[in-house]
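1. Dropping the sequence and predicted coords here.
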Amino acid sequence: MLISYGSDGMDGIDGMDRMDGISREEAYSIADDMAIDELMAKASLLRDSMRGKVVTYSRKVFIPLTYLCRDRCSYCTYRKEPSSADDIMLKPEHVLALAEQGKRMGCTEALLMTGERPEQRYSEVRQWLRARGYSSTIEYIADMSRFILERVGLLPHTNAGNLTLDEVEMLKEYNASIGLMLENVSARLMGNGMAHEHAPSKHPSLRLKTIENAGRVRVAFTTGLLIGIGESMEEVLDSLLAIRDMHARYKHIQEIIIQNFNPKPDTPMAHWARPSREYMLRVAALARLIMPSMNIQVPPNLNPKFDEFLDAGINDWGGISPLTIDHINPEAPWPSIDYVRSVTEARGFRLRARFPVYPEYISDGYLAGRVMEVINRMSDEYGLVRGY
Ligand code: SF4
């Protein structure tokens, strides 16, 4: 049965129960052995039957509230020390200016980014927050989310690392959705010389706890895998299956990002190989076979021939900004939305802009009333962005 972007907005709620993809045993048996063409063909057919021929993206403005972070992932160039950051936090007037600029360019999503709890590492952050009446970075994010929602009319989507139950509740008031990459469920990647050796917040048990907290509070949640950081194929499958299990319990995971690691100069992983094209296609196809009705996204700026992922069963390009760079991968410019549209349509799909929250989650249960009001002003009858 197809999950259509139907008129009552509830088709997808029904669809969210249809997560019974291939079994763990089957996933393990086909992951490396099935020919890539056959794997992709199966995934592509499944995407067509579950999601149809509409491929989505989100018009976003990227708002880095702070580059400071208590952790040190071995591939990261986002984080900065206080001495090299322009300011400890982006001030409210700059947040609003960026959001307003995004609004003028047709954006609907304000992606609020921070490092992980920088106040736990830096006294400068604690002082900055305290001087303005905030006790944590998350409190500041919640307040900036309120500004953006109420004063500008953009929809915040926060990506700020691990969150407690109370923090998820606080953010839900002003956010359309929340994100946190699981990256991988293997604690092995925390070991010596591995990607997360110096990043305690990347422990999979903490990431899963945050995803669970969002499920308990009923927030539409974006998560995903970072591919090429030293994981094995079995660990990729375990990660996808862990996400499927979590979704089976709470039904709140709205999309899964399959993101490739991109080595960056002056990082401990600068000389690591990027994951191969075939490995990425294989993982995208397996994600579809494991979670047939899930929204599955591959970032178009990180893959030169990104349109071939449509043949591996994906149905979303994620956030694309007509205004701001990808601050996580500043070396990888976004393709223009016109170009994304032309290559998507050349493969027989229709490109539509979505909100940071997918249509199947636009309901009172998942969204605070004030968020719902903003969406209603911009939405068409399918829960997608009117006019785009
Ligand atoms: S937690 Fe995020 S911001 Fe911090 S070092 Fe890791 S990737 Fe960078």
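-> On my side now, so go ahead.

2. Which element, helix or strand, includes the residue nearest the centre of the chain?
-> Nearest to the mean C-alpha position of the chain, counting by CA atoms, centre = their mean, stands Thr222 at 4.6 Å. Assessed by DSSP states H and E, Thr222 sits inside strand 221-227.

3. where does Ala99 fall, helix, sheet strand or coil?
-> Under DSSP: H, G, I helix; E, B strand; the rest coil, Ala99 falls in the helix class.

4. which residues touch the closest residue to it other than its chain neighbours?
-> Spatial nearest neighbour of Ala99, excluding adjacent residues (CB to CB, 6 or more residues apart in numbering): Val152 at 4.4 Å. (Each C-beta comes from the backbone N, C-alpha and C, glycine too.) Each residue near Val152 by CB atoms under 8 Å, 6 or more residues apart in numbering is listed here: 96, 99-100, 103, 110.

5. Can you tell me which of these comes closest to Cys69?
-> Among the contacts of Val152, Ala110 lies closest to Cys69 (CB to CB), at 20.1 Å.

6. Gly318 contacts Ile296, doesn't it?
-> No - taking contacts as CB atoms under 8 Å, Gly318 lies outside contact range of Ile296: 10.3 Å.

7. Determine the number of other residues adjacent to Leu281.
-> By the criterion of other CB atoms under 10 Å, Leu281 has 24 neighbours.

8. again, but for Met105
-> Neighbours of Met105 under the rule other CB under 10 Å: 13.

9. right, and it touches Thr324 too?
-> No - with contact defined as CB under 8 Å, Met105 does not count as touching Thr324 (9.8 Å).

10. so, in contact with the ligand or not, stretch 195-202?
-> Yes - counting by CB under 6 Å from any ligand atom, the ligand has neighbours in stretch 195-202: 199, 201.

11. Distance from the helix or strand where Arg47 lies to the middle of the chain?
-> Applying DSSP H and E as the criterion places Arg47 in helix 36-51. Helix 36-51 sits 22 Å away from the centroid of its parent chain (CA atoms, centre = their mean, to the nearest Å).

12. for it, which positions count as buried?
-> 39-40, 42-44, 46-47, 50-51 (16 or more other CB atoms under 10 Å).

13. Arg72: neighbour count?
-> 16.

14. Just give the closest residue to it, not the sequence neighbours.
-> His198 (4.0 Å).

15. I'd say the one you found and Tyr75 touch.
-> No - between His198 and Tyr75 there is no contact under CB under 8 Å: 11.4 Å.

16. In three-state terms, label the residue in the stretch 251-388 of the chain positioned nearest to the ligand for me.
-> Residue nearest to the ligand within the stretch 251-388 of the chain: Ile328 (7.5 Å; CB to the nearest ligand atom). Assigned with three-state DSSP, Ile328 falls in the coil class.

17. what's in contact with the host helix or strand of Asp338?
-> Secondary structure from DSSP H and E places Asp338 in helix 337-346. Applying CB under 8 Å, 6+ apart, the contact partners of helix 337-346 are 55, 57, 59, 300, 306-307, 310, 317, 320, 322, 350-351.

18. Pull up the pairing partners for the very next helix or strand once past that helix, direction included.
-> Where DSSP H and E defines the elements, the next helix or strand beyond helix 337-346 is strand 350-354. Here strand 350-354 is paired, per DSSP bridges, with strand 54-64 (parallel).

19. The partner strand close to the ligand?
-> No - using CB under 6 Å from any ligand atom, strand 54-64 never reaches the ligand; the gap is at least 9.9 Å.

20. No more questions from me, cheers.
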